[in-house]
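> Okay, sequence plus prediction incoming.
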Amino acid sequence: MVGGKMNARIKITKNVVNRAYAFETEMTSGNYSVAYDIQETQDGKVQVTYQEGSQFNSMMRDFNQKLMMLLLGHSRKKSLIQMLEQIAASYHQA
């Protein structure tokens, strides 16, 4: 929304320490959800599964969100990998 205010409510839908975290953002225009699932592998490493989704009230907003996810997906993935590497580094320092 350009020049206006938009209200949103964030609801934590899952929180399992060191295992899973998920939240949903509810807006008048629709919903946006994100989930992280963390699993330890047999070789002592960690595998993180990231999922996001959206569902909007208008077909145009829904299409726009999906297009932006497609276009910005690579940079978002790169940012997510950097964040996870920083989290891992903080565990190694402790």
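Looks like it came in fine.

> What pLDDT does the model give residue 35?
Looking at residue 35, its pLDDT is 93.

> Near it, how many other residues are there?
16 (other C-beta atoms under 10 Å). Heads up, the C-betas are built off the backbone N, CA and C, glycines and all.

> isn't it right up against residue 21?
Yes - using C-beta atoms under 8 Å, residue 35 is in contact with residue 21, at 7.4 Å.

> give me the low-pLDDT residue ranges for the chain?
Of all residues in the chain, those with pLDDT under 70 make up the ranges 1-4, 91-94.

> Residue nearest the middle of it, spatially speaking?
Nearest to the mean C-alpha position of the chain, counting by C-alpha atoms, centre = their mean, stands residue 34 at 3.7 Å.

> Which parts of the chain are helices?
59-93 (DSSP state H).

> Spatially nearest residue to residue 62, not counting backbone neighbours?
The shortest distance from residue 62 to any non-neighbouring residue, by C-beta to C-beta, 6 or more residues apart in numbering, is to residue 56 (4.3 Å).

> which ones are touching the one you found?
Each residue near residue 56 by C-beta atoms under 8 Å, 6 or more residues apart in numbering is listed here: 29, 30, 31, 62, 65.

> just residue 36 next, same as before
Taking C-beta under 8 Å, 6+ apart as the contact definition, residue 36 lies against 20, 21, 22, 48, 49, 50.

> The third one bridge partners, please.
Right, the one you point to is residue 22. Applying DSSP bridges to residue 22 yields these beta-bridge partners: residue 14, residue 35.
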